[in-house]
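> I would like to see how this sequence folds:
(one chain, ligands or ions: 1)
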Amino acid sequence: MNKSSTENQDKLDLVHRPRRLRRSPAIRDMVRETQLTVKDLIYPLFVMEGEGQKEAIKSMPGCYRYSLDKLLAEVAEVWKLGIGAIALFPVVPEEKKDSTGTESYNPDGLVQRTIKAIKKEVPGILVITDVALDPFSSDGHDGIVSEDGIILNDATVEVLVKQSLSQAEAGADIIAPSDMMDGRVGAIRKALDAHGYTDVGILAYSAKYASSYYGPFRDALDSAPKFGDKKTYQMDPANAREALTEIALDAAEGADMVMVKPALAYLDVIYRVREATQLPVAAYNVSGEYSLIKAAGQLGWIDEKKVMLETLTSIKRAGADVILTYFAKEVALILQP
Ligand code: PBG
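Below is the predicted model:
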């Protein structure tokens, strides 16, 4: 077995030979530093109105918009596969959108009905809900837009608080503000506590960048901004120190977990955030990152499954405790015990 020593091929007088720890699967398994598990993953899911619908999302092969009945079956299936949490995103019909996103806090809205149904059918799974106005806004922005096209911070926070309360009321386990308004984590925490929802957690999208990797997601929800971009609230991709400021603020305001988003072009930010906080760190392997791998896989240019696992491992190695990824189900199928 030990070819090199039996045949005495080694001529160099080396003290250190790192290859000793790579000689066999058993030894590689033993010294592996990072282990990707199904329990690390949050599965984002898209829900839409209707019945019996499962609509493919063209720019995200393998992802679908589900009507509630079909979504429940999917949630039950992934729970069985060991996935512990889902993140919910609604496809809101155009006629329900308005400039202040009032549908976002409708107690009978799609998100609220979906949370209740999941909590009834699959009570164990963690339901994480997105807090932001973009799926509900006729402007396609995460906040309220003023007459002169400015995204209003404090007025938006008031609506986000209502949205959060109505999600908590419906039974959400974790509220995830993805809007990047200043002060929203503190305002949401205060309101949740004042209404008795002290157990409802906050996963803050703390360092969320104004990224072009969100394109396929906006296709999925038909939520692209109707004008301009998100650069006055989402972060400049060139900034890393600023991420630490955002993390510190959200932690001080009461976030239970913080997030870096996207993940792959921001592995250095994940690493820095990991060093800077004791809170659990989540990373969002976003739609564009997913679609790149899917597209190259479909073209036969890469081994899609291997690239998927290598990619998710890199996010964990960089310091993420938790990964939101559209690959969650595929990973769960591969990692079945
Ligand atoms: C909206 C939101 C976005 C994503 C999650 N929540 C899009 C955006 O900010 O424009 C993107 C997720 C993805 O690309 O997978 N607040």
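
> only C-alpha atoms from now on, for both contacts and neighbour counts.
OK.

> quick one, what contacts the residue in the stretch 101-250 of the chain that the ligand sits nearest to?
The minimum distance from the stretch 101-250 of the chain to the ligand, using Cα to the nearest ligand atom, falls at residue 214 (3.4 Å). By Cα atoms under 8 Å, 6 or more residues apart in numbering, the contact list for residue 214 reads 286-288.

> interface residues of the stretch 101-250 of the chain facing the ligand?
For the stretch 101-250 of the chain, the residues in contact with the ligand (Cα under 6 Å from any ligand atom) are 132, 134, 142, 178-179, 213-214, 217.

> got the phi and psi for residue 161?
phi -60, psi -40 (degrees, to the nearest 10).

> what segments of the stretch 201-337 of the chain are helices?
215-221, 241-253, 267-276, 287-298, 304-318, 328-334 (DSSP state H, counting those that start in this stretch).

> could you redo the ones you listed as CSV and give each row mean neighbour count?
Converted to CSV, the helices of the stretch 201-337 of the chain look like this (neighbours: other Cα atoms under 10 Å):
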stretch, mean neighbour count
helix 215-221, 19
helix 241-253, 18
helix 267-276, 20
helix 287-298, 18
helix 304-318, 18
helix 328-334, 18
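
> mean pLDDT for those helices - can I get that in JSON lines?
What follows is the helices of the stretch 201-337 of the chain, written out as JSON lines (pLDDT from 0 to 100):
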{"stretch": "helix 215-221", "mean pLDDT": "91"}
{"stretch": "helix 241-253", "mean pLDDT": "98"}
{"stretch": "helix 267-276", "mean pLDDT": "98"}
{"stretch": "helix 287-298", "mean pLDDT": "98"}
{"stretch": "helix 304-318", "mean pLDDT": "98"}
{"stretch": "helix 328-334", "mean pLDDT": "98"}
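
> which stretch among those comes nearest residue 118?
helix 328-334 (17.4 Å; Cα to Cα).

> what distance separates the closest one from the centre of its chain?
On the basis of Cα atoms, centre = their mean, to the nearest Å, helix 328-334 sits 16 Å off its chain's mean C-alpha point.

> check stretch 329-337 too.
On Cα atoms, centre = their mean, the centre of stretch 329-337 falls 18 Å from the chain's centre.

> returning to what we had before: closest to residue 248 out of the contacts of residue 214?
residue 286 (23.1 Å).

> could you pull up the residues touching that closest one?
Counted by Cα under 8 Å, 6+ apart, residue 286 has contacts 213-214, 217, 261-263, 324-326.

> rewinding a little: between the helices of the stretch 201-337 of the chain, which gets nearest to residue 157?
It's helix 241-253; of these, that one is closest to residue 157 (Cα to Cα) at 13.7 Å.

> any idea of the angle the closest one forms with helix 267-276?
Helix 241-253 and helix 267-276 are oriented at 40 degrees to each other (axes from the mean of the first three to the mean of the last three Cα atoms, to 10 degrees).
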